[in-house]
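Q: This is a predicted model, with the sequence first.
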Amino acid sequence: MEIKKHNMYTPGWLWDRREPTIHYAFFHSSKYWHPGYCPNYNGINDSILDYYSELVQYAPNMTIAKQACHYCQTRMAEPDAVYNIPIATRIEAKGYRKYRSPPGTEPEFWLGFVNTVGRGINTGPIISAGQSSIDTMLNAHGLYSPTGGIIKYGWSENFVPTYLNLFIYAWFWDAEIIYRAYDCLLAVNPYNPMGGGAGEYPPGDLPWVAKKWKIEQDLPSETVRITFWLRDDVYFHDGTKLTQKTSTTPCS
């Protein structure tokens, strides 16, 4: 894929994210470059798709974002703009053993698995990953062990994560580890991930590291500013307290 000497390809993307920004991230012409891997590796260069995907990415409000997302999907379905042909999909079914204890020992049931609507017991609620949940990891426990313990997680593929770096990872299995090591400002309600409640924007979001947030829109400039208020009881693994300064240090 990095050399780009292909006529057909079979990529693997997760299309069930709540955020419609995938139109810009994967199909905008600016996301193609050579040499090296790029998100738009089939080289889409379509002015109409560029226009509407930019509206999705930088929409000043939810109404425009939804309309632009619809036009992106419409454009990709038109006969003169066939860029992707869906040929297969797989259900992201997740299961777990009924008993926590090893075979041959006294049975101890698992309790506390979080079954995310439409996704299952493992995936969904962390907002930045879109697919990696820590709800079950934080909440699951044995019948006789209300806290602590070990969860053995079996992967479905013989795949070693490529980048365990929050800023450059590019695949599902990297995220499965990363988003169990990093927290996010917000989380997603596992029982109502798409939201719909009064005043929710984006829909379904819950406080996590941020205890509250405020969204302000400047209509003349069509810019949006989001202010987050951090919790005062969050610490890094080394005991350092999370503050506005320490939260931005890894990004600088």
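A: Looks like it came in fine.

Q: for the chain, what spans make up the strands?
A: When secondary structure is read from DSSP state E, the chain shows strands at 110-111, 141-142, 186-188, 205-207, 210-218, 223-230.

Q: For Gly154, which of the ones you listed is the nearest?
A: For the strands of the chain, distance to Gly154 was read as C-beta to C-beta. The smallest value, 14.4 Å, belongs to strand 110-111. Quick note: C-beta positions are derived from backbone N, CA and C, even for glycine.

Q: Give me the sheet partners of the closest one and which way each runs.
A: Note on strand 110-111: by DSSP bridges, its sheet partners are strand 141-142 (antiparallel).

Q: So which of the strands of the chain is nearest Asp46?
A: Ranking these by proximity to Asp46 (C-beta to C-beta) places strand 223-230 first, at 26.5 Å.

Q: partner strands of that closest one, parallel or antiparallel?
A: Strand partners for strand 223-230, identified by DSSP bridges, are recorded as strand 210-218 (antiparallel).

Q: quick check: mean pLDDT across the strand it pairs with?
A: Average pLDDT, strand 210-218: 85.

Q: quick one: contacts of it?
A: 60-61, 185-186, 201, 207, 223-231 (C-beta atoms under 8 Å, 6 or more residues apart in numbering).

Q: mind running it again at 6 Å?
A: Residues from elsewhere that reach strand 210-218 (C-beta atoms under 6 Å, 6 or more residues apart in numbering): 185, 224-231.

Q: Please point out which parts of that strand sit buried.
A: For strand 210-218, a neighbour-count test (16 or more other C-beta atoms under 10 Å) marks Ala210 as buried.

Q: follow-up on the earlier one: any chance of the strands of the chain in a markdown table with distance to Pro39 as columns?
A: Formatted as a markdown table, these follow (distance: least, C-beta to C-beta, whole Å):
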| stretch | distance to Pro39 |
| --- | --- |
| strand 110-111 | 38 |
| strand 141-142 | 39 |
| strand 186-188 | 23 |
| strand 205-207 | 25 |
| strand 210-218 | 27 |
| strand 223-230 | 24 |
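
Q: Ok, which of those comes nearest Gly149?
A: strand 141-142 (5.9 Å).

Q: what about the closest residue to Asn115 other than its chain neighbours, neighbour count?
A: What sits nearest to Asn115 in space, not counting adjacent residues and going by C-beta to C-beta, 6 or more residues apart in numbering, is Ile121, at 5.3 Å. For Ile121, the count of nearby residues is 19 (other C-beta atoms under 10 Å).

Q: I'd like to know how far Ile121 sits from Tyr153.
A: Distance, Ile121 to Tyr153, by C-beta to C-beta, to the nearest Å: 11 Å.

Q: any idea which helix or strand of the protein has the worst average confidence?
A: Sorting the helices and strands of the chain by mean pLDDT, DSSP states H and E puts helix 172-178 at the bottom, at a mean of 74.

Q: And that one, what's buried?
A: 172-176, 178.

Q: Many thanks, have a good one.
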